[in-house]
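S.K.: okay, sequence plus prediction incoming.
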Amino acid sequence: MGSTFHGVIAFALMAALLVIGSLLRSRLPWLRTAMVPGSIVAGLIGFMGLSLGLIPGYGPKDFTSLAFHFFTLSFMSLCLTGSPKRQDDGQRSGVTMGGLWLTLIWTASLGAQAVIGYGLMAGYDALSGQHLSPLLGAIVTHGFTQGPGQALTYGNIWEQGYGITHAAQVGVIFASLGFLAAFLVGVPVARYCLKKGLNTNRDSTLNADFVAGFHPLANQPSAGRQVSHSGTVDSFAWHIGLLGIAYVITYLWLSAMQPLVAGNRVLSVFFSYNLFFAHGLTVCVLMRLAIDRLGWSHRVDDDTLKRITSGSVDFMVVATLMSIQVAVLSALLVPILLVAVAITLVTLCGALAIGRMSGRFGPERALTAFGCCCGSTGTGLLLLRMLDNDFTTPVPKELAFFNIAIIVVNIPTLFFFAPIAPALGAWTYIAIFGGYALLALACIPLLRRWQQRTDAAQPITQEPSLP
(Lines give C-alpha, C1' and ligand atoms only; values in the text may rest on other atoms or scores of the structure.)
Protein backbone atom coordinates (compact mmCIF):
# COMPACT_ATOMS: atom_id res chain seq x y z
CA MET A 1 0.00 0.00 0.00
CA GLY A 2 2.96 2.31 0.40
CA SER A 3 2.99 3.17 -3.30
CA THR A 4 -0.52 4.61 -3.05
CA PHE A 5 0.48 7.39 -0.67
CA HIS A 6 2.42 9.69 -2.98
CA GLY A 7 -0.55 11.49 -4.53
CA VAL A 8 -2.55 11.42 -1.31
CA ILE A 9 0.29 13.01 0.66
CA ALA A 10 0.67 15.68 -2.04
CA PHE A 11 -2.97 16.63 -1.45
CA ALA A 12 -2.48 16.38 2.33
CA LEU A 13 0.50 18.74 2.11
CA MET A 14 -1.65 21.30 0.33
CA ALA A 15 -4.38 20.95 2.93
CA ALA A 16 -1.89 21.30 5.78
CA LEU A 17 -0.33 24.37 4.16
CA LEU A 18 -3.78 25.95 3.84
CA VAL A 19 -4.16 25.63 7.61
CA ILE A 20 -0.71 27.10 8.24
CA GLY A 21 -1.17 29.89 5.69
CA SER A 22 -4.57 30.86 7.06
CA LEU A 23 -3.27 30.97 10.64
CA LEU A 24 -0.32 33.12 9.60
CA ARG A 25 -2.70 35.39 7.67
CA SER A 26 -4.79 35.89 10.80
CA ARG A 27 -1.81 36.33 13.16
CA LEU A 28 0.66 38.52 11.28
CA PRO A 29 -0.42 42.19 11.12
CA TRP A 30 1.28 42.93 7.81
CA LEU A 31 -0.52 40.04 6.12
CA ARG A 32 -3.84 41.18 7.56
CA THR A 33 -3.19 44.72 6.34
CA ALA A 34 -2.37 43.50 2.84
CA MET A 35 -5.50 41.29 2.84
CA VAL A 36 -3.49 38.45 1.31
CA PRO A 37 -5.64 35.28 1.20
CA GLY A 38 -4.46 32.31 3.19
CA SER A 39 -4.26 30.23 0.01
CA ILE A 40 -1.62 32.54 -1.46
CA VAL A 41 0.39 32.46 1.78
CA ALA A 42 0.13 28.67 1.79
CA GLY A 43 1.19 28.41 -1.85
CA LEU A 44 4.20 30.67 -1.34
CA ILE A 45 5.32 28.60 1.66
CA GLY A 46 4.96 25.44 -0.42
CA PHE A 47 6.85 26.99 -3.34
CA MET A 48 9.73 27.97 -1.06
CA GLY A 49 9.75 24.54 0.57
CA LEU A 50 9.97 22.78 -2.78
CA SER A 51 12.57 25.22 -4.13
CA LEU A 52 14.81 24.73 -1.11
CA GLY A 53 14.41 20.95 -1.12
CA LEU A 54 12.64 20.92 2.25
CA ILE A 55 9.89 18.56 1.00
CA PRO A 56 11.85 15.43 0.00
CA GLY A 57 10.32 13.19 -2.62
CA TYR A 58 8.16 15.91 -4.13
CA GLY A 59 8.63 18.46 -6.89
CA PRO A 60 6.55 21.04 -8.76
CA LYS A 61 5.26 18.47 -11.26
CA ASP A 62 3.51 16.58 -8.46
CA PHE A 63 1.16 19.53 -8.02
CA THR A 64 0.53 20.48 -11.65
CA SER A 65 -2.18 17.87 -12.19
CA LEU A 66 -3.81 18.82 -8.89
CA ALA A 67 -4.02 22.45 -10.02
CA PHE A 68 -5.67 21.33 -13.26
CA HIS A 69 -8.28 19.13 -11.60
CA PHE A 70 -9.18 21.58 -8.83
CA PHE A 71 -9.62 24.26 -11.48
CA THR A 72 -11.90 21.93 -13.44
CA LEU A 73 -13.83 21.02 -10.30
CA SER A 74 -14.35 24.69 -9.39
CA PHE A 75 -15.81 25.45 -12.82
CA MET A 76 -18.04 22.39 -12.90
CA SER A 77 -19.44 22.95 -9.41
CA LEU A 78 -20.09 26.60 -10.29
CA CYS A 79 -22.10 25.55 -13.35
CA LEU A 80 -24.02 22.94 -11.37
CA THR A 81 -25.12 25.67 -8.95
CA GLY A 82 -28.62 27.00 -9.60
CA SER A 83 -29.41 30.49 -10.88
CA PRO A 84 -30.31 33.23 -8.38
CA LYS A 85 -33.97 33.98 -7.71
CA ARG A 86 -35.76 35.95 -10.39
CA GLN A 87 -35.97 39.70 -9.95
CA ASP A 88 -38.47 42.23 -11.19
CA ASP A 89 -37.91 43.83 -14.61
CA GLY A 90 -36.24 46.96 -13.22
CA GLN A 91 -33.77 45.04 -11.08
CA ARG A 92 -33.05 42.55 -13.84
CA SER A 93 -32.39 45.34 -16.34
CA GLY A 94 -30.01 47.12 -13.96
CA VAL A 95 -28.10 43.94 -13.11
CA THR A 96 -27.85 42.98 -16.79
CA MET A 97 -26.51 46.40 -17.70
CA GLY A 98 -23.94 46.34 -14.89
CA GLY A 99 -22.94 42.80 -15.81
CA LEU A 100 -22.37 43.93 -19.37
CA TRP A 101 -20.01 46.67 -18.15
CA LEU A 102 -17.99 44.02 -16.28
CA THR A 103 -18.10 41.76 -19.35
CA LEU A 104 -16.88 44.62 -21.54
CA ILE A 105 -13.90 45.28 -19.27
CA TRP A 106 -13.04 41.58 -19.08
CA THR A 107 -13.33 41.04 -22.84
CA ALA A 108 -11.24 44.13 -23.62
CA SER A 109 -8.68 42.96 -21.06
CA LEU A 110 -8.52 39.45 -22.54
CA GLY A 111 -7.67 40.81 -25.99
CA ALA A 112 -5.44 43.67 -24.88
CA GLN A 113 -3.37 41.52 -22.51
CA ALA A 114 -2.80 38.96 -25.26
CA VAL A 115 -1.60 41.56 -27.78
CA ILE A 116 0.56 43.48 -25.29
CA GLY A 117 2.12 40.30 -23.92
CA TYR A 118 2.81 39.04 -27.44
CA GLY A 119 4.39 42.34 -28.48
CA LEU A 120 6.54 42.73 -25.36
CA MET A 121 7.87 39.18 -25.57
CA ALA A 122 8.61 39.58 -29.28
CA GLY A 123 10.43 42.87 -28.59
CA TYR A 124 12.44 41.37 -25.74
CA ASP A 125 13.39 38.40 -27.92
CA ALA A 126 14.56 40.71 -30.71
CA LEU A 127 16.78 42.63 -28.28
CA SER A 128 18.12 39.63 -26.35
CA GLY A 129 18.34 37.09 -29.16
CA GLN A 130 17.09 34.25 -26.94
CA HIS A 131 14.71 32.86 -29.59
CA LEU A 132 11.67 32.96 -27.31
CA SER A 133 8.21 32.40 -28.72
CA PRO A 134 6.05 35.56 -28.48
CA LEU A 135 3.25 33.28 -27.29
CA LEU A 136 5.13 32.95 -23.99
CA GLY A 137 4.14 36.58 -23.49
CA ALA A 138 0.65 36.18 -24.95
CA ILE A 139 -0.21 33.44 -22.47
CA VAL A 140 -0.24 36.13 -19.80
CA THR A 141 -3.87 36.82 -20.73
CA HIS A 142 -4.85 33.27 -19.81
CA GLY A 143 -2.92 33.53 -16.54
CA PHE A 144 -4.18 36.99 -15.55
CA THR A 145 -7.65 37.40 -17.04
CA GLN A 146 -8.62 33.73 -16.89
CA GLY A 147 -6.57 32.19 -14.09
CA PRO A 148 -4.26 29.25 -13.36
CA GLY A 149 -6.46 26.51 -14.81
CA GLN A 150 -6.82 28.02 -18.25
CA ALA A 151 -3.16 29.07 -18.34
CA LEU A 152 -2.20 25.48 -17.60
CA THR A 153 -4.75 24.15 -20.08
CA TYR A 154 -3.70 26.27 -23.05
CA GLY A 155 -0.03 26.08 -22.07
CA ASN A 156 -0.14 22.28 -22.21
CA ILE A 157 -1.90 22.37 -25.59
CA TRP A 158 0.68 24.77 -27.04
CA GLU A 159 3.55 22.81 -25.53
CA GLN A 160 2.42 19.30 -26.46
CA GLY A 161 0.78 20.07 -29.78
CA TYR A 162 2.94 22.86 -31.17
CA GLY A 163 6.27 22.64 -29.37
CA ILE A 164 6.11 25.96 -27.48
CA THR A 165 8.68 25.12 -24.81
CA HIS A 166 7.74 25.91 -21.17
CA ALA A 167 4.35 27.37 -22.21
CA ALA A 168 2.48 25.67 -19.35
CA GLN A 169 5.06 26.69 -16.76
CA VAL A 170 5.15 30.29 -17.92
CA GLY A 171 1.35 30.36 -17.86
CA VAL A 172 1.31 29.10 -14.27
CA ILE A 173 3.89 31.72 -13.28
CA PHE A 174 1.82 34.50 -14.85
CA ALA A 175 -1.28 33.22 -13.06
CA SER A 176 0.54 33.32 -9.73
CA LEU A 177 1.83 36.84 -10.40
CA GLY A 178 -1.70 37.85 -11.35
CA PHE A 179 -3.05 36.84 -7.95
CA LEU A 180 -0.27 38.76 -6.25
CA ALA A 181 -0.87 41.84 -8.42
CA ALA A 182 -4.58 41.79 -7.64
CA PHE A 183 -3.90 42.21 -3.93
CA LEU A 184 -0.67 44.21 -3.95
CA VAL A 185 -2.28 46.81 -6.24
CA GLY A 186 -6.00 46.28 -5.68
CA VAL A 187 -5.98 46.62 -1.89
CA PRO A 188 -4.26 50.06 -1.87
CA VAL A 189 -6.71 51.27 -4.55
CA ALA A 190 -9.62 50.03 -2.45
CA ARG A 191 -8.27 51.77 0.63
CA TYR A 192 -7.90 55.00 -1.38
CA CYS A 193 -11.53 54.77 -2.51
CA LEU A 194 -12.67 54.22 1.08
CA LYS A 195 -10.57 57.13 2.35
CA LYS A 196 -11.96 59.50 -0.31
CA GLY A 197 -15.53 58.24 0.08
CA LEU A 198 -15.77 57.20 -3.56
CA ASN A 199 -17.77 54.04 -2.88
CA THR A 200 -21.57 54.10 -2.92
CA ASN A 201 -22.02 52.14 0.32
CA ARG A 202 -20.76 54.87 2.66
CA ASP A 203 -21.41 52.67 5.68
CA SER A 204 -18.98 50.08 4.37
CA THR A 205 -15.90 49.47 6.46
CA LEU A 206 -13.44 46.63 6.56
CA ASN A 207 -15.36 43.95 8.39
CA ALA A 208 -13.47 42.70 11.46
CA ASP A 209 -14.07 39.09 10.46
CA PHE A 210 -12.74 39.80 6.97
CA VAL A 211 -9.58 41.39 8.34
CA ALA A 212 -9.02 38.70 10.99
CA GLY A 213 -9.67 35.87 8.58
CA PHE A 214 -11.90 33.86 10.93
CA HIS A 215 -15.44 34.28 12.27
CA PRO A 216 -15.95 34.43 16.04
CA LEU A 217 -18.14 31.72 17.58
CA ALA A 218 -21.15 34.01 17.90
CA ASN A 219 -21.01 35.14 14.29
CA GLN A 220 -20.29 31.99 12.27
CA PRO A 221 -22.52 31.76 9.16
CA SER A 222 -24.17 28.59 7.92
CA ALA A 223 -22.35 26.61 5.23
CA GLY A 224 -25.43 25.09 3.57
CA ARG A 225 -28.41 22.80 4.11
CA GLN A 226 -28.49 19.05 4.59
CA VAL A 227 -30.53 17.65 1.70
CA SER A 228 -30.05 13.97 2.53
CA HIS A 229 -30.40 11.97 5.73
CA SER A 230 -27.04 10.91 7.09
CA GLY A 231 -28.43 7.40 7.55
CA THR A 232 -28.54 7.14 3.75
CA VAL A 233 -25.68 9.34 2.59
CA ASP A 234 -23.99 12.43 3.96
CA SER A 235 -25.19 15.55 2.18
CA PHE A 236 -21.68 16.67 1.30
CA ALA A 237 -20.87 13.22 -0.14
CA TRP A 238 -24.09 13.44 -2.16
CA HIS A 239 -23.00 16.69 -3.81
CA ILE A 240 -19.52 15.32 -4.50
CA GLY A 241 -21.31 12.37 -6.09
CA LEU A 242 -23.23 14.66 -8.43
CA LEU A 243 -19.97 16.21 -9.57
CA GLY A 244 -18.53 12.70 -9.90
CA ILE A 245 -21.33 11.82 -12.33
CA ALA A 246 -20.51 14.92 -14.39
CA TYR A 247 -16.80 14.05 -14.33
CA VAL A 248 -17.41 10.49 -15.55
CA ILE A 249 -19.82 11.63 -18.30
CA THR A 250 -17.31 14.22 -19.51
CA TYR A 251 -14.48 11.68 -19.51
CA LEU A 252 -16.54 9.13 -21.44
CA TRP A 253 -17.64 11.80 -23.93
CA LEU A 254 -14.07 12.88 -24.65
CA SER A 255 -12.84 9.28 -24.82
CA ALA A 256 -15.55 8.48 -27.38
CA MET A 257 -14.92 11.58 -29.50
CA GLN A 258 -11.14 11.46 -29.70
CA PRO A 259 -10.94 8.50 -32.15
CA LEU A 260 -13.56 10.15 -34.36
CA VAL A 261 -11.63 13.42 -34.73
CA ALA A 262 -8.13 11.94 -34.80
CA GLY A 263 -7.51 13.09 -38.37
CA ASN A 264 -8.43 16.73 -37.76
CA ARG A 265 -5.82 18.73 -35.85
CA VAL A 266 -8.16 21.51 -34.75
CA LEU A 267 -10.91 19.16 -33.56
CA SER A 268 -8.32 16.92 -31.90
CA VAL A 269 -7.23 19.89 -29.81
CA PHE A 270 -10.81 20.83 -28.95
CA PHE A 271 -11.68 17.29 -27.84
CA SER A 272 -8.44 16.72 -25.91
CA TYR A 273 -8.40 16.19 -22.17
CA ASN A 274 -6.67 19.55 -21.83
CA LEU A 275 -10.06 21.20 -22.54
CA PHE A 276 -11.84 18.94 -20.05
CA PHE A 277 -13.15 22.00 -18.19
CA ALA A 278 -15.00 23.34 -21.27
CA HIS A 279 -16.81 20.04 -21.87
CA GLY A 280 -17.38 19.51 -18.16
CA LEU A 281 -18.91 22.97 -17.92
CA THR A 282 -21.41 22.05 -20.64
CA VAL A 283 -22.24 18.74 -18.99
CA CYS A 284 -22.94 20.46 -15.66
CA VAL A 285 -25.14 23.10 -17.28
CA LEU A 286 -27.20 20.35 -18.95
CA MET A 287 -27.35 18.37 -15.69
CA ARG A 288 -28.65 21.42 -13.83
CA LEU A 289 -31.28 22.05 -16.50
CA ALA A 290 -32.42 18.43 -16.19
CA ILE A 291 -32.51 18.63 -12.38
CA ASP A 292 -34.65 21.78 -12.48
CA ARG A 293 -36.97 20.47 -15.21
CA LEU A 294 -37.55 17.20 -13.35
CA GLY A 295 -38.34 19.07 -10.12
CA TRP A 296 -35.32 17.71 -8.25
CA SER A 297 -33.82 21.07 -7.29
CA HIS A 298 -34.76 20.46 -3.65
CA ARG A 299 -32.21 17.64 -3.68
CA VAL A 300 -29.37 20.03 -4.50
CA ASP A 301 -28.13 22.69 -2.07
CA ASP A 302 -26.57 25.59 -3.90
CA ASP A 303 -24.69 26.82 -0.81
CA THR A 304 -22.92 23.46 -0.53
CA LEU A 305 -21.92 23.66 -4.19
CA LYS A 306 -20.62 27.19 -3.62
CA ARG A 307 -18.47 25.88 -0.76
CA ILE A 308 -17.08 23.22 -3.08
CA THR A 309 -16.33 25.92 -5.65
CA SER A 310 -14.61 28.18 -3.12
CA GLY A 311 -12.65 25.33 -1.58
CA SER A 312 -11.53 24.13 -5.00
CA VAL A 313 -10.28 27.62 -5.83
CA ASP A 314 -8.25 27.68 -2.59
CA PHE A 315 -6.63 24.34 -3.40
CA MET A 316 -6.07 25.43 -7.00
CA VAL A 317 -4.17 28.54 -5.88
CA VAL A 318 -1.94 26.51 -3.55
CA ALA A 319 -1.25 23.88 -6.21
CA THR A 320 -0.55 26.56 -8.83
CA LEU A 321 2.10 28.29 -6.74
CA MET A 322 3.66 24.95 -5.83
CA SER A 323 3.78 24.02 -9.53
CA ILE A 324 6.25 26.79 -10.37
CA GLN A 325 9.64 25.48 -11.44
CA VAL A 326 12.47 27.67 -10.20
CA ALA A 327 14.65 26.87 -13.22
CA VAL A 328 12.06 28.26 -15.66
CA LEU A 329 11.33 31.27 -13.47
CA SER A 330 14.99 32.21 -13.10
CA ALA A 331 15.76 31.68 -16.80
CA LEU A 332 12.88 33.91 -17.95
CA LEU A 333 12.64 36.24 -14.95
CA VAL A 334 13.28 39.52 -16.81
CA PRO A 335 10.73 39.09 -19.63
CA ILE A 336 8.15 37.60 -17.26
CA LEU A 337 8.43 40.55 -14.86
CA LEU A 338 8.41 43.01 -17.74
CA VAL A 339 5.20 41.57 -19.15
CA ALA A 340 3.56 41.15 -15.72
CA VAL A 341 4.23 44.74 -14.61
CA ALA A 342 3.07 46.20 -17.93
CA ILE A 343 -0.09 44.10 -17.95
CA THR A 344 -0.90 45.04 -14.34
CA LEU A 345 -0.63 48.77 -15.09
CA VAL A 346 -2.61 48.57 -18.34
CA THR A 347 -5.32 46.45 -16.73
CA LEU A 348 -5.63 48.82 -13.77
CA CYS A 349 -5.81 51.92 -15.98
CA GLY A 350 -8.32 50.28 -18.30
CA ALA A 351 -10.56 49.11 -15.44
CA LEU A 352 -10.49 52.55 -13.79
CA ALA A 353 -11.18 54.38 -17.06
CA ILE A 354 -14.09 52.18 -18.13
CA GLY A 355 -15.37 52.01 -14.55
CA ARG A 356 -15.55 55.81 -14.49
CA MET A 357 -17.75 55.72 -17.60
CA SER A 358 -20.07 53.07 -16.21
CA GLY A 359 -21.83 55.65 -14.02
CA ARG A 360 -23.29 54.68 -10.69
CA PHE A 361 -21.26 52.00 -8.87
CA GLY A 362 -18.30 52.80 -11.14
CA PRO A 363 -15.64 52.45 -8.40
CA GLU A 364 -17.09 49.11 -7.30
CA ARG A 365 -17.19 47.81 -10.86
CA ALA A 366 -13.68 49.04 -11.63
CA LEU A 367 -12.09 47.38 -8.62
CA THR A 368 -14.09 44.18 -9.07
CA ALA A 369 -13.17 43.98 -12.75
CA PHE A 370 -9.49 44.58 -11.94
CA GLY A 371 -9.55 41.67 -9.49
CA CYS A 372 -11.27 39.43 -12.02
CA CYS A 373 -8.77 40.41 -14.74
CA CYS A 374 -5.78 39.63 -12.51
CA GLY A 375 -6.95 36.43 -10.88
CA SER A 376 -10.48 35.08 -10.84
CA THR A 377 -14.06 36.01 -10.01
CA GLY A 378 -13.28 35.17 -6.38
CA THR A 379 -10.44 37.69 -6.37
CA GLY A 380 -12.74 40.37 -7.74
CA LEU A 381 -15.35 39.53 -5.12
CA LEU A 382 -12.79 39.85 -2.30
CA LEU A 383 -11.76 43.32 -3.50
CA LEU A 384 -15.42 44.32 -3.87
CA ARG A 385 -16.04 43.41 -0.23
CA MET A 386 -13.68 46.18 0.78
CA LEU A 387 -15.95 48.79 -0.82
CA ASP A 388 -19.24 47.01 -0.17
CA ASN A 389 -18.76 44.70 2.78
CA ASP A 390 -22.43 43.78 3.19
CA PHE A 391 -23.12 43.60 -0.55
CA THR A 392 -25.83 46.25 -0.62
CA THR A 393 -24.90 47.35 -4.15
CA PRO A 394 -26.04 45.32 -7.17
CA VAL A 395 -22.44 44.57 -8.23
CA PRO A 396 -22.36 41.07 -6.62
CA LYS A 397 -25.48 40.16 -8.61
CA GLU A 398 -23.88 41.65 -11.70
CA LEU A 399 -21.01 39.20 -11.19
CA ALA A 400 -23.44 36.28 -11.52
CA PHE A 401 -24.54 37.57 -14.93
CA PHE A 402 -20.92 38.36 -15.81
CA ASN A 403 -19.77 34.76 -15.21
CA ILE A 404 -22.15 33.53 -17.91
CA ALA A 405 -21.76 36.47 -20.28
CA ILE A 406 -17.97 36.30 -20.57
CA ILE A 407 -18.16 32.67 -21.69
CA VAL A 408 -20.91 33.33 -24.26
CA VAL A 409 -19.29 36.50 -25.64
CA ASN A 410 -15.81 34.99 -25.84
CA ILE A 411 -16.63 31.53 -27.21
CA PRO A 412 -14.68 32.13 -30.46
CA THR A 413 -11.49 33.31 -28.76
CA LEU A 414 -11.53 30.94 -25.79
CA PHE A 415 -12.64 27.68 -27.34
CA PHE A 416 -11.56 27.92 -30.98
CA PHE A 417 -8.70 30.40 -31.48
CA ALA A 418 -6.81 30.20 -28.15
CA PRO A 419 -6.18 26.41 -28.34
CA ILE A 420 -4.71 26.70 -31.87
CA ALA A 421 -2.96 30.06 -31.35
CA PRO A 422 0.49 28.76 -32.42
CA ALA A 423 -0.97 27.77 -35.80
CA LEU A 424 -2.54 31.16 -36.52
CA GLY A 425 0.51 33.25 -37.37
CA ALA A 426 1.52 36.49 -35.69
CA TRP A 427 -0.68 38.96 -37.54
CA THR A 428 -3.72 36.69 -37.51
CA TYR A 429 -3.38 36.20 -33.76
CA ILE A 430 -2.98 39.94 -33.14
CA ALA A 431 -5.91 40.74 -35.46
CA ILE A 432 -8.25 38.29 -33.70
CA PHE A 433 -7.45 39.18 -30.09
CA GLY A 434 -6.81 42.86 -30.76
CA GLY A 435 -9.99 43.06 -32.82
CA TYR A 436 -12.00 41.53 -29.99
CA ALA A 437 -10.61 44.14 -27.59
CA LEU A 438 -11.45 46.99 -29.99
CA LEU A 439 -14.94 45.58 -30.55
CA ALA A 440 -15.53 45.58 -26.81
CA LEU A 441 -14.35 49.19 -26.53
CA ALA A 442 -16.61 50.16 -29.43
CA CYS A 443 -19.60 49.08 -27.34
CA ILE A 444 -18.87 51.73 -24.69
CA PRO A 445 -21.11 54.46 -26.24
CA LEU A 446 -24.05 52.04 -26.39
CA LEU A 447 -23.64 51.01 -22.77
CA ARG A 448 -23.22 54.62 -21.66
CA ARG A 449 -26.56 55.58 -23.19
CA TRP A 450 -28.22 52.60 -21.53
CA GLN A 451 -26.51 53.46 -18.24
CA GLN A 452 -27.74 57.06 -18.40
CA ARG A 453 -31.33 55.93 -18.90
CA THR A 454 -31.03 53.50 -15.99
CA ASP A 455 -29.52 56.13 -13.68
CA ALA A 456 -32.17 58.68 -14.67
CA ALA A 457 -34.86 56.24 -13.59
CA GLN A 458 -33.17 55.71 -10.19
CA PRO A 459 -31.66 59.04 -9.07
CA ILE A 460 -29.39 59.27 -6.05
CA THR A 461 -28.25 62.27 -4.07
CA GLN A 462 -24.58 61.83 -4.80
CA GLU A 463 -22.76 59.93 -7.50
CA PRO A 464 -19.24 58.83 -6.62
CA SER A 465 -16.59 58.99 -9.27
CA LEU A 466 -13.15 57.58 -9.69
CA PRO A 467 -10.13 59.85 -9.40
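M.R.: Ah, there it is. Numbering: from 1, shown residues only.

S.K.: what's the following helix or strand after the helix or strand containing Ile336?
M.R.: Per DSSP states H and E, Ile336 falls inside helix 333-357. Next helix or strand after helix 333-357 toward the C-terminus (DSSP H and E): helix 362-372.

S.K.: thinking again about what came up before, show me what the helix holding Ile336 is packed up against.
M.R.: helix 89-128, helix 135-138, helix 140-141, helix 167-196, helix 362-372, helix 444-457 (3 or more Cβ pairs under 8 Å, 6 or more residues apart in numbering; DSSP states H and E). Where C-beta positions appear, they are placed from N, C-alpha and C, glycine not excepted.

S.K.: can you rerun that using 6 Å?
M.R.: Helix 333-357 sits against helix 89-128, helix 167-196, helix 362-372, with contacts defined as 3 or more Cβ pairs under 6 Å, 6 or more residues apart in numbering; DSSP states H and E.

S.K.: name the helix or strand of this structure that has the lowest mean pLDDT.
M.R.: One helix or strand of the chain scores below all others by mean pLDDT, DSSP states H and E: helix 208-212, with a mean of 69.

S.K.: and the pLDDT for the residue nearest the centre of the chain?
M.R.: Nearest to the geometric centre of the chain sits Ser376, at 2.3 Å (Cα atoms, centre = their mean). Here, the pLDDT recorded for Ser376 equals 77.

S.K.: same thing with Phe47?
M.R.: Confidence score, pLDDT, at Phe47: 92.

S.K.: what's the neighbour count on Leu424?
M.R.: 16 (other Cβ atoms under 10 Å).

S.K.: how near is it to Pro134?
M.R.: From Leu424 across to Pro134, the span is 12 Å (Cβ to Cβ, to the nearest Å).

S.K.: ok, and the closest non-adjacent residue to Ile164?
M.R.: Trp158 (4.1 Å; Cβ to Cβ, 6 or more residues apart in numbering).

S.K.: which element is the one you found on?
M.R.: Trp158 belongs to helix 148-162, assigned by DSSP H and E.

S.K.: give me the contacts around the helix holding Ile336.
M.R.: 105, 109, 113, 117, 120-121, 124, 137, 140, 144, 173, 177, 181, 362, 365-366, 369-370, 373, 448, 466 (Cβ atoms under 6 Å, 6 or more residues apart in numbering).

S.K.: also stretch 208-225?
M.R.: So stretch 208-225 is contacted by 25-26, 32, 301, 303-304, 307 (Cβ under 6 Å, 6+ apart).

S.K.: which two from the residues you listed end up farthest apart in space?
M.R.: Spatial extent of the contacts of stretch 208-225 (Cβ to Cβ) is set by the pair Arg32 and Asp301 at 31.7 Å.

S.K.: neighbour-wise, which of those two wins?
M.R.: Higher neighbour count among Arg32 and Asp301: Asp301, with 22 against 17, using other Cβ under 10 Å.

S.K.: that one touches Ser228, doesn't it?
M.R.: No. Contact criterion Cβ atoms under 6 Å: Asp301 and Ser228 do not qualify, at 9.5 Å.

S.K.: residue boundaries of the helices in the stretch 201-350 of the chain?
M.R.: 208-212, 235-260, 265-270, 276-293, 302-322, 326-331, 333-357 (DSSP state H, counting those that start in this stretch).

S.K.: which of these is buried the deepest?
M.R.: helix 302-322 (a mean of 23; mean count of other Cβ atoms under 10 Å).

S.K.: picking up where we left off before, can you lay out the contacts of stretch 208-225 as JSON lines showing distance to Val187 and pLDDT?
M.R.: Listed next are the contacts of stretch 208-225 as JSON lines, based on distance: Cβ to Cβ, whole Å; pLDDT from 0 to 100:
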{"residue": "Arg25", "distance to Val187": "13", "pLDDT": "89"}
{"residue": "Ser26", "distance to Val187": "16", "pLDDT": "88"}
{"residue": "Arg32", "distance to Val187": "11", "pLDDT": "80"}
{"residue": "Asp301", "distance to Val187": "33", "pLDDT": "91"}
{"residue": "Asp303", "distance to Val187": "27", "pLDDT": "86"}
{"residue": "Thr304", "distance to Val187": "30", "pLDDT": "90"}
{"residue": "Arg307", "distance to Val187": "25", "pLDDT": "86"}
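
S.K.: just give me the closest of the residues you listed to Gln150.
M.R.: For the contacts of stretch 208-225, the nearest to Gln150 is Arg307 (22.6 Å; Cβ to Cβ).

S.K.: quick revisit: from the chain's centre, how far out does the helix holding Ile336 sit?
M.R.: Remark: helix 333-357 is offset 16 Å from the chain centroid, using Cα atoms, centre = their mean, to the nearest Å.
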